[in-house]
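J.: here is my input, please return the structure:
(2 chains)
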Number of protein chains: 2
Amino acid sequence: MNFSSKLIEEAVQAFSRLPGIGKKSALRLVLFLIRQPVEVTEQYTEALLRLRKGIKECAKCHNLSDEEWCNICANPRRDTGVICVVESIKDVLAIESTDQYRGLYHVLGGIISPIEGVGPNDLHIDSLMHRVQTEDIQEVIMAISPTIEGETTIYYLSKKLKPSGVKISAIARGVSFGGELEYADELTLGRSIVARIPYQVKSED
Amino acid sequence: MNFSSKLIEEAVQAFSRLPGIGKKSALRLVLFLIRQPVEVTEQYTEALLRLRKGIKECAKCHNLSDEEWCNICANPRRDTGVICVVESIKDVLAIESTDQYRGLYHVLGGIISPIEGVGPNDLHIDSLMHRVQTEDIQEVIMAISPTIEGETTIYYLSKKLKPSGVKISAIARGVSFGGELEYADELTLGRSIVARIPYQVKSED
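T.: This next block holds a predicted model:
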């Protein structure tokens, strides 16, 4: 595109460096900001700078955090006896939005992937071991994607954790709620039959 | 979503205020910026602030500009005898990328739309009249969308421009190049038959 303004060109380039934003979307965003009062751009850029300069990694669980400890580790009402091990902060957000888990987390920062050159030493595994040894942890839940790399990571962690005697569990796999059987992939469907659970008839009380 | 960080929450909100960016895309952009060095966020926000604080309206054609006159008005190699009247700066960009037009522009800043409360006085029509009267203009091209509001605007401008004796033209309408006849809308197809042009057999030289 042929911009009549250097300022617009630079701003369009700045936007299109972000993932998923092409030149046309970038121009739309630029024209939107120009039409808004200066304060809108100022508030927007200030929020991003505050974020980028202020964000820390939680000293305990490696979640992103505003303080030394993240909101979850610092919350006295969480169950401090359970750690849910996840790959990234996105998984923490996903599990938190279910409102079904009240324990703590441990963010590995990736999974073991020889192809991408990620080994155990690149992940926050030592700090997980340290937590299991020093904190009063009863259970470690593996909430890691069921890919080959994910299963490798679960296996590696389980072997390392076994001597500590802590209970190790993995999140349940199966056909999703509301999902139709014919659209479930074969592996999931097959495993969900092998790992079937007793059906409980609800008593009428 | 349940963010463990106030900073992330604010940045996600800042992104999702932009048009076409939802909460999930906003989070992806935020996590992208966190993974990049601080300089990436700084360069990005600086480009936006420079744009928003520095951008001006061209004193001549109302195009967006870095200086008092935009690059097009200030370019001595443009044909200063022709003005192309458009609705918005997006149309300037679209026509400029065709590389087929070497004249000047005049950005109206909208079109006459009684439903949206936009009257002739809300548009840059007086400055267009002033240009036609004071500059040496031979032709005014109406490059305005062929909607009801667009046609109204063209009609209004033509009536106002007529006394000045300037040549008035409108961009050609018809079936688009490469477009298949059966998919063209009836109005366009009908008009393209009525406004048919003589076919010129190319001489073999």
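J.: where exactly do the helices run in chain A?
T.: Assigned by DSSP state H, the helices in chain A fall at A:6-16, A:23-35, A:38-54, A:89-96, A:126-134, A:148-161, A:186-194.
J.: list the buried residues of the fifth one.
T.: The one in question is helix A:126-134. Using 16 or more other CB atoms under 10 Å in any protein chain shown as the test for burial, helix A:126-134 gives A:127-128, A:131-132. From N, CA and C alone the C-beta is placed, and that goes for glycine too.
J.: what is that helix packed up against?
T.: Applying 3 or more CB pairs under 8 Å, 6 or more residues apart in numbering or on different chains; DSSP states H and E, we find helix A:126-134 packed against strand A:79-86, strand A:103-107, helix A:148-161.
J.: quick check: closest non-adjacent residue to A:Lys56.
T.: The shortest distance from A:Lys56 to any non-neighbouring residue, by CB to CB, 6 or more residues apart in numbering or on different chains, is to A:Ser65 (5.2 Å).
J.: check contacts around the one you found.
T.: A:55-58, A:71, B:4-5 (CB atoms under 8 Å, 6 or more residues apart in numbering or on different chains).
J.: which of these count as buried?
T.: Here the buried ones among the contacts of A:Ser65, as counted with 16+ other CB under 10 Å, turn out to be A:55, A:57-58, A:71, B:4-5.
J.: run the chain-centre distance for the helix or strand of chain A with the lowest mean pLDDT.
T.: When each helix and strand of chain A is scored by mean pLDDT, DSSP states H and E, helix A:186-194 comes last, with a mean of 77. Computed by CA atoms, centre = their mean, to the nearest Å, the chain-centroid distance of helix A:186-194 equals 25 Å.
J.: so what touches that helix?
T.: Here helix A:186-194 makes contact (CB under 8 Å, 6+ apart) with A:173-175, A:181, A:184.
J.: show me the domain layout of chain A.
T.: As assigned by automatic domain parsing, chain A contains the domains A:7-54, A:80-170.
J.: of those domains, which is nearest B:Tyr155?
T.: domain A:7-54 (27.4 Å; CB to CB).
J.: say whether chain B is contacted by that closest one.
T.: Yes. Using CB under 8 Å from any CB of the partner chain, domain A:7-54 reaches chain B at A:7-8, A:10-11, A:13-14, A:17-20, A:25, A:27-34, A:38, A:40-45, A:47-54.
J.: residues of the least confident helix or strand of chain A that come out buried?
T.: So for helix A:186-194, counting by 16+ other CB under 10 Å, buried means A:Ser192.
J.: how about stretch A:173-180?
T.: For stretch A:173-180, a neighbour-count test (16+ other CB under 10 Å) marks A:Val175 as buried.
J.: so how far is it off the chain centroid?
T.: The chain centre lies 21 Å from the centre of stretch A:173-180; the measure is CA atoms, centre = their mean.
J.: now list the buried members of the residues of domain A:7-54 next to chain B.
T.: Applying 16+ other CB under 10 Å to the residues of domain A:7-54 next to chain B flags A:7-8, A:10-11, A:13-14, A:18, A:25, A:27-31, A:33-34, A:40-41, A:43-45, A:47-52 as buried.
J.: just for chain A, where's the confidence low?
T.: Under the criterion pLDDT under 70, the flagged ranges of chain A are A:1-2, A:179, A:200-205.
J.: next up, the contacts around A:Thr80.
T.: Contact partners of A:Thr80, counting by CB under 8 Å, 6+ apart, are A:103-104, A:135-136.
J.: between the buried ones among the contacts of A:Ser65, which is closest to B:Tyr199?
T.: A:Ile55 (66.0 Å).
J.: need phi/psi at the closest one.
T.: phi -70, psi 140 (degrees, to the nearest 10).
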